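1. my questions concern the predicted model and sequence given below.
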Amino acid sequence: KAGVTQTPRYLIKTRGQQVTLSCSPISGHRSVSWYQQTPGQGLQFLFEYFSETQRNKGNFPGRFSGRQFSNSRSEMNVSTLELGDSALYLCASSLVGSYSTDTQYFGPGTRLTVL
Amino acid sequence: GQNIDQPTEMTATEGAIVQINCTYQTSGFNGLFWYQQHAGEAPTFLSYNVLDGLEEKGRFSSFLSRSKGYSYLLLKELQMKDSASYLCAVKSLWGGGYNKLIFGAGTRLAVHP
């Protein structure tokens, strides 16, 4: 079974720009969660999507948004980029997500650098 | 509130055994996960504990004591490829059946020859 895939793997943007990241979950998985990982903060939860609906959201500003498509693929968008948005963005998929104790499987991440 | 503590860094020698501890404070505990993350790569699932006791998977074992809010990951016969960060993550049950997953900051393990 193919794992979680994320594209692109690396991105360099400048302040004020916007960026869209993509995540394809493991086949059959309906929940996709997004995380931001930085050396100082560790893994911080952004949001979770299930059946095309945002189910939960972490403490991030409204510049961070996402969506999920009918095939469970998900995209994450960050508008008006700031230097502090430089991070590794990870997506994780699971069968049914946060209303269960099933395991999350992570993709390789997108390394975003904001200059 | 919710809090997860694990040591920031550890070093060990190839062939040895190392124990990485994780302590947590949470209400509605509903399971604890360990993930391994090599530099620049995705976290990969290692183990899941929800009941007290030891779960063994080859060279890796994970232990949980819910009454003490404590878990450890035991790595035996260390290999150089075990050099990685190890993340402890706790699921806690909130209202409405929602489980919140909180990650610790991770423990960076360096294995030396």
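-> Cool, the structure landed.
2. the helix or strand of chain B with the lowest mean pLDDT packs against which elements?
-> The helix or strand of chain B with the poorest confidence is strand B:99-103; it has a mean of 86 (mean pLDDT, DSSP states H and E). Counting contacts by 3 or more C-beta pairs under 8 Å, 6 or more residues apart in numbering or on different chains; DSSP states H and E, strand B:99-103 packs against strand A:42-50, strand B:29-37, strand B:84-93. C-beta: built from backbone N, CA, C; applies to glycine.
3. and that strand with strand A:42-50, angle?
-> Here the directions of strand B:99-103 and strand A:42-50 differ by 150 degrees (axes from the mean of the first three to the mean of the last three C-alpha atoms, to 10 degrees).
4. identify all contacting residues around strand B:99-103.
-> Defining contact as C-beta atoms under 8 Å, 6 or more residues apart in numbering or on different chains, one finds that strand B:99-103 is touched by A:33, A:35, A:42-43, A:45, A:56, A:98-101, A:104, B:2, B:4, B:26, B:30-31, B:33, B:87-94.
5. tell me the pLDDT at the most centrally placed residue in chain A?
-> By C-alpha atoms, centre = their mean, chain A has its centre lying nearest to A:Trp34, at 3.0 Å. A:Trp34 is assigned 97 on the pLDDT scale.
6. cool, and the one 5 residues further on?
-> Here, the pLDDT recorded for A:Pro39 equals 84.
7. that one: how many residues sit nearby?
-> For A:Pro39, the neighbour count with other C-beta atoms under 10 Å in any protein chain shown is 9.
8. before we move on, what about A:Tyr105?
-> The burial count for A:Tyr105: 21, using other C-beta under 10 Å.
9. with the one 3 residues further on instead?
-> A:Pro108 has 17 neighbouring residues, counting by other C-beta under 10 Å.
10. now swap in the one 4 residues further on and tell me
-> The tally of other residues near A:Leu112 (other C-beta under 10 Å) stands at 20.
11. grab the nearest non-local neighbour of B:Leu46.
-> Using C-beta to C-beta, 6 or more residues apart in numbering or on different chains and skipping residues adjacent in sequence, the residue nearest B:Leu46 is B:Trp34, 4.3 Å away.
12. re the thing from before, what angle sits between the helix or strand where the residue nearest to the centre of chain A lies and strand A:42-50?
-> Here A:Trp34 sits within strand A:31-38, counting by DSSP states H and E. Orientation check (the same axes, to 10 degrees): strand A:31-38 against strand A:42-50 gives 160 degrees.
13. so which elements touch strand A:31-38?
-> strand A:42-50, strand A:74-78, strand A:87-94.
14. winner for burial among those strands?
-> Most buried of the helices and strands packed on strand A:31-38 by mean neighbour count (mean count of other C-beta atoms under 10 Å in any protein chain shown) is strand A:87-94; its value is a mean of 24.
15. so what touches that one?
-> By C-beta under 8 Å, 6+ apart, the surrounding residues in contact with strand A:87-94 are A:4, A:6, A:21, A:23, A:25-26, A:29, A:31-38, A:43, A:46, A:72, A:74, A:76, A:100, A:102-107, A:109-112, B:42-43.
16. which residues of chain B lie near chain A?
-> B:30-31, B:33, B:35, B:40-45, B:48, B:50, B:87, B:89, B:91, B:97-106 (C-beta under 8 Å from any C-beta of the partner chain).
17. buried among these? Make that a PyMOL selection.
-> Buried subset of those, written as a PyMOL selection, criterion 16 or more other C-beta atoms under 10 Å in any protein chain shown:
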select buried, chain B and resi 30+31+33+35+42+43+48+87+89+91+99+100+101+102+103+104+105+106
